[in-house]
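[1] Predicted model and sequence follow; I will ask about them next.
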Amino acid sequence: MRQFAVPVAVLTGALVLTGCGSDDAKAQLSVSSAYMPQPVSDMAAGFLDIANKGGAKDELTSVTSDLGPVSVHETVGQAMEEVKSLAVPAHGQLVFKSGGNHLMFDKLKHTLKQGDSVTVKLHFAKSGPLTVEMPVKSATYNPTTGH
């Protein structure tokens, strides 16, 4: 009986340690710095940061809003193009900013002005969706200065 005690203890310890690291094996996503510059037409851009504190990557696959169609764009050089998904790296972030990756709202259902808020739902390949409130800022808003 005693000869089985050591292997069982080692196996139990290994299972416990494996369980401790399981959270790090998943993406742990959060969103910050979300905003939309006040649109001047029926189209608008949206910006935000998606942080991943987990040990597994994920992908943003789509964005939905009651406001109308939303597409995901990346900017390569001077060219903007719609993409099907963007990677959210493990222990990293996906940044949407003016002149870079951004959300594009097309055919807005109603006029938005500074002080309004837009609700978007971010959909991912592996993680559950995240709902984000995106405040509408002035058309010239600069997140680095807050103005």
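    Structure received.

[2] gap between A51 and G92?
    Remark: distance between A51 and G92 (Cβ to Cβ, to the nearest Å) = 8 Å. Just so you know, the C-beta spots here come from the backbone N, C-alpha and C atoms, and that holds for glycine as well.

[3] Please disregard the earlier target; I meant H102.
    Per Cβ to Cβ, H102 is found 18 Å from G92.

[4] ok, now how distant is A79 from G99?
    12 Å.

[5] I misspoke; the intended subject was P129.
    P129 is 27 Å from G99, by Cβ to Cβ.

[6] isn't there a helix covering V118?
    No. Note on V118: no helix contains this position according to DSSP: H, G, I helix; E, B strand; the rest coil, which reports strand.

[7] how about low-confidence regions in the chain?
    Residues of the chain meeting the criterion pLDDT under 70: 1-23.

[8] Show me the residue sitting in the middle of it in space.
    Ranked by distance to the mean C-alpha position of the chain (Cα atoms, centre = their mean), the top residue is I50 at 3.7 Å.

[9] partners of it in the sheet?
    I50 has these beta-bridge partners by DSSP bridges: V31, L94.

[10] isn't it right next to E59, touching?
    No. When contacts are counted by Cβ atoms under 8 Å, I50 is not listed as touching E59 (10.5 Å).
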